[in-house]
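# Got a sequence here, can you build the structure:
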Amino acid sequence: MWLAALIARTMVVCAVLLAVAVLAIAAVPAIFGFKTMVVTSGSMAPAIEAGDAALIRPIRPEEVQAGDVVTFAGWNSARGTTTHRVVAIKEIAGTLYFQTRGDANNTADPDLVPAAAAVGTVEFVIPRAGFVLQFTTSGSGRLLLVVLPLALILVAEMTGIVRNTARSRRADGPEPGSGASG
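Model (predicted):
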C-alpha cells in the first residue's frame with residue numbers, strides 16, 4: 001500500500017516539474033513579448049535543430065536585415081510557418097520582400113516572402129525543448145501528466161481511508177453484541 005502512495009507522489013512531483021518546465025519554456029517568454037514556437041524540420045541545422053524551441057521576438061518588417069533568422073506565417077498556406085535566414089531584401093513595385101534560405105539548404109528558397117508575413121526574429125533557441133512542448137499537448141502527454149497522477153492519488157487516498165478505517169475499528173475493540181469476549 002505504501003508503494004502505491006510513493007508512486008502517486010512521485011508521479012505528481014514529476015508532473016509538477018514538467019508543468020513548471022513547460023511554463024518556463026512557453027509562458028514566461030510571453031511575459032517579455034516573445035512567442036515560443038516548436039521547430040519541426042532540420043532546414044536550419046545546425047543553428048536550429050528539429051525539436052528545438054525557438055523564442056521569436058516580434059519585429060516590424062522594415063527592421064529585418066540580411067542575416068536575420070525570421071519566422072514567417074500566412075504567406076504560403078501549404079507551409080504554415082517557416083523559419084529561415086534572410087539572405088536578401090528586395091523591393092518590387094513598392095512592396096518589400098525577403099529572399100530566404102534554410103542554413104541546411106544549398107540554395108535559396110524559390111519564392112520571395114512578402115515582408116508583411118514576418119512574425120518575428122529568432123532571438124533564443126532552447127535545444128530539444130520543443131519535444132517537451134509537443135509531448136505535453138499530445139494525448140499521451142495529457143494522459144501521463146494529468147490522468148495517471150490523478151488516478152494514482154485517488155488510489156492512494158482510498159487506500160489510506162480503508163487503512164485508517166480498519167485501524168480505527170481495531171482500536172475501538174469488538175462491537176457490543178458481536179459475540180466476542182475479552
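
# Please make it C-alpha for all contacts and neighbour counts, starting now.
Fine.

# tell me the contacts of Val70?
For Val70, the contacting residues are Thr83, His84, Arg85, Val86, Ala118, Val119, Gly120, Thr121, Val122, by Cα atoms under 8 Å, 6 or more residues apart in numbering.

# In strands, which of those appear?
Thr83, His84, Arg85, Val86, Ala118, Val119, Gly120, Thr121, Val122 (DSSP state E).

# Okay, and the beta partners of the fourth one?
Counting by DSSP bridges, Val86 is bridged to Thr100.

# Could you tell me which residues make contact with it?
Going by Cα under 8 Å, 6+ apart, Val86 touches Gln65, Ala66, Gly67, Asp68, Val69, Val70, Phe98, Gln99, Thr100, Arg101.

# residue boundaries of the strands in this protein?
Ranges of strands in the chain, per DSSP E, are 35-38, 53-58, 69-73, 81-92, 95-101, 113-114, 118-126.

# Show me the longest helix that occurs in this structure.
Across the chain, the longest stretch assigned as helix under DSSP state H is helix 148-172.

# and that one, how far out from the chain's middle?
Computed by Cα atoms, centre = their mean, to the nearest Å, the separation of helix 148-172 from the middle of its chain amounts to 35 Å.

# Need the nearest residue in space to the spatially most central residue of the chain, chain neighbours excluded.
With distances taken as Cα atoms, centre = their mean, the residue of the chain nearest its centroid is Leu133 (1.7 Å). Closest residue in space to Leu133, ignoring its immediate chain neighbours: Val22 at 6.4 Å, by Cα to Cα, 6 or more residues apart in numbering.

# Thank you, goodbye.
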